[in-house]
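Asks: Compute the structure for the input listed below.
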Amino acid sequence: MMKLNQVMDDFITIAIQSGGWMELDRLYLKNRLLTMIGGKTPDSDYETEYDSTSADSLSDSLVDYAVTQSNITDNRKEREYLKVQLLDLLAPPPSVVNAFFAQHYSKSPEEATDYFYELNKRSSYIKSPNMLKEYRYSTKYGNFLLRVVTDDWETEVSEQALIMKENDYPKCMYCFENEGLCEEGTLAVPGRRLIRMNVAGESWGFQFAQAEEYQEKFIISSEKHQSMTIDEPSIARMTQLLDIFPQYFICLAAEGRNDHGFYEGGREELPIAQAVIDQYIELKEFPLMNISSLIWPFPAIRLQSPNAEDIPRGIAHVLSKWQQNFKTKIQISSVILGRKKENLYEFDLLLLSEEQKKVISYQGNVLLAQKEFEKLANTSELDQKKAADQVIDQHISLMKSWSPVENGQLLQENFETFLISLEQ
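Replies: Purely as a prediction, here's the structure:
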C-alpha cells in the first residue's frame, strides 16, 4: 500500500518523462494535483494499491482519493471528467509535441511516429484492445485473423465518439478545435494532440485514434470542416501522405467523405495486402503501371506504379470505364487503400454494392467481444478453434454479400468483360 504523496510523485514522474515538464516543475505539479483532487496536504494518511508505471492506474487512484474527499461524487461521468483532466498533464502542449515530432522526423518518419504513439499510450489517450485470443484461418483469399477482445473494451469503443452538445463549437470530432477541449457531459478528451501538416499547401492534422482497432490506427483530417469526394486531388493527396509516412497504409472510405473529410490508416499489414493476383490488365496509357484484379470476396483492382501521378489518373480511368459500362444500372461504393512497397505506390480499389463503416471489415481481420465468441464456443480449445473458423467463414460470407457480383446486381461474366474493356 502506498500513501497519497507517493502516488502523486509517481504520476508526476511520468509527466516529466513525457517531455512537457522538468524536475523544477515537480512542486508546481503536486500543488496542481492537490487542487484538482480536493486535497489539503500531500501528507495524507490515504493509502492505495496501484501500478506505478501505468497512467491509468495512477489516475484512477487519484480519482478514488477525490471521491473520499467528496470533491466529486462516485459516478462514472464525474470520475471520467476528472480523470481526463489529470491525464492531460501527461501530454506536453501542442507546440512542444510538434517541435519534438519534427526533431524525430528529421531522423526518420518511423522515429517520429514512434515518439508520438508512445506519448499517446503513456497518457492513456489510446485505448488498445485487451486481447484474449488470436486465431488465424487460411482461406483462398489469404490468411484471415480473428481477435477476441474483452467485453469492456468493446463497450468503451462504442462510446468513443465525441458527444456534441447543441452548439457549433466544435462542429464534429474531426475538427482541430477539439484539441484541449474538455467539457463535462461529453467525451471530449483534453489529451488529444494533433501534428500539424502542410499537404500540397493545405493544413491537415495527424492524430492517433483513441480506439486502436488495428496497430497504430490514425486519423488525418483537414483543418477546414468540409466534405471530401473520391477524385484525382483526394487520391493524389494519399500518395503525398504515403511519401510523408511510408510505413503506413492509408484509406479513403465512405465515412471519411462525410461532412468533415478525413483519411484513416495504420501500420498493421492486413490480409488484403497479401491478396493473390487473379488477372493482369495492360493499359497503354500507363506503360509503367501494373493493374490486376485480386482474388477477394468482392471486386478489387490493384494498381502499382513507381510514379505517384499514375495512381489518381489510373483510378479515375477505372471508375470512368465502370460508368461507361454500367451507367446507372449498378451503383457502387468505392473504397481506396494505399500503401508503399519499396519504390512502388500500391493502391487497391474496392468496388462494393454497399459500404461498411469499419475499415478493418474490408481488409480481412475480425474483432469480436468475448461474450459473443463464448456463445459460439464451448470451453475446450478444439471447440474454440472450430468456433473461430466459423466466425471467419461467416465474415467472408458477409464480405461476399457486399459484392455486386454475389448479390445478383452483376454477373461474373459482366465483371470479366469490364476488366477486358479497361485495356481498350
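Asks: any idea how far residue 366 is from the residue lying closest to residue 44 once chain neighbours are set aside?
Replies: Spatial nearest neighbour of residue 44, chain neighbours left out: residue 4 (4.3 Å); criterion: Cβ to Cβ, 6 or more residues apart in numbering. Every residue, glycine included, has its C-beta placed from N, CA and C. From residue 4 across to residue 366, the span is 44 Å (Cβ to Cβ, to the nearest Å).
Asks: ok, now residue 215?
Replies: From residue 215 to residue 366 the distance is 15 Å (Cβ to Cβ).
Asks: Who has more neighbours out of those two?
Replies: residue 366 (20 against 13; other Cβ atoms under 10 Å).
Asks: Isn't that one up against residue 144?
Replies: Yes. Counting by Cβ atoms under 8 Å, residue 366 does reach residue 144; the two are 7.1 Å apart.
Asks: what do those two both touch?
Replies: 392, 395 (Cβ atoms under 8 Å, 6 or more residues apart in numbering).
Asks: Looking at the chain, which helix is longest?
Replies: helix 381-401 (DSSP state H).
Asks: Next SSE downstream of the helix or strand of the chain with the lowest mean pLDDT?
Replies: Lowest on mean pLDDT, DSSP states H and E among the helices and strands of the chain sits helix 151-158, with a mean of 60. Note on helix 151-158: by DSSP states H and E, the next helix or strand toward the C-terminus is strand 195-199.
Asks: Show me what that following strand is packed against.
Replies: Applying 3 or more Cβ pairs under 8 Å, 6 or more residues apart in numbering; DSSP states H and E, one finds that strand 195-199 contacts helix 94-105, strand 202-208, helix 232-244.
Asks: Give me the mean pLDDT for it.
Replies: Taken as a whole, strand 195-199 carries a mean pLDDT of 97.
Asks: how about that strand: buried residues?
Replies: Within strand 195-199, the residues that count as buried by 16 or more other Cβ atoms under 10 Å are 195, 196, 197, 199.
Asks: which residue packs closest to residue 143, ignoring adjacent ones?
Replies: Leaving aside its sequence neighbours, residue 143 sits nearest to residue 136 (Cβ to Cβ, 6+ apart; 5.4 Å).
Asks: Relative to residue 366, how far out is the one you found?
Replies: As judged by Cβ to Cβ, residue 136 and residue 366 stand 11 Å apart.
Asks: which residues are common contacts for the two?
Replies: Contacts common to residue 136 and residue 366, judged by Cβ under 8 Å, 6+ apart, are 144, 145, 146.
Asks: between these, which is closest to residue 191?
Replies: For the shared contacts of residue 136 and residue 366, the residue nearest residue 191 by Cβ to Cβ is residue 145; the value is 29.9 Å.
Asks: isn't there a helix covering residue 291?
Replies: No. Read with DSSP: H, G, I helix; E, B strand; the rest coil, residue 291 is strand and lies in no helix.
Asks: quick one: contacts for it?
Replies: 280, 281, 282, 283, 301, 302, 303, 304, 314, 318, 422.
Asks: related to what we said a few turns ago, show the subsequent helix or strand relative to the longest helix of the chain.
Replies: Trace forward from helix 381-401 with DSSP H and E and the next one is helix 412-421.
Asks: What residues sit buried inside that next one?
Replies: By 16+ other Cβ under 10 Å, the buried positions in helix 412-421 come out as 415, 418, 419.
Asks: outside of the longest helix of the chain, which residues touch it?
Replies: Outside of helix 381-401, the residues within contact range by Cβ under 8 Å, 6+ apart are 133, 135, 137, 139, 141, 144, 146, 148, 297-298, 361-362, 366, 368, 373, 376-378, 406-407.
Asks: Residue 197 versus the residue nearest to residue 239 when sequence neighbours are not counted, what's the distance?
Replies: Nearest residue to residue 239, sequence neighbours excluded (Cβ to Cβ, 6+ apart): residue 308, at 4.0 Å. Per Cβ to Cβ, residue 308 is found 17 Å from residue 197.
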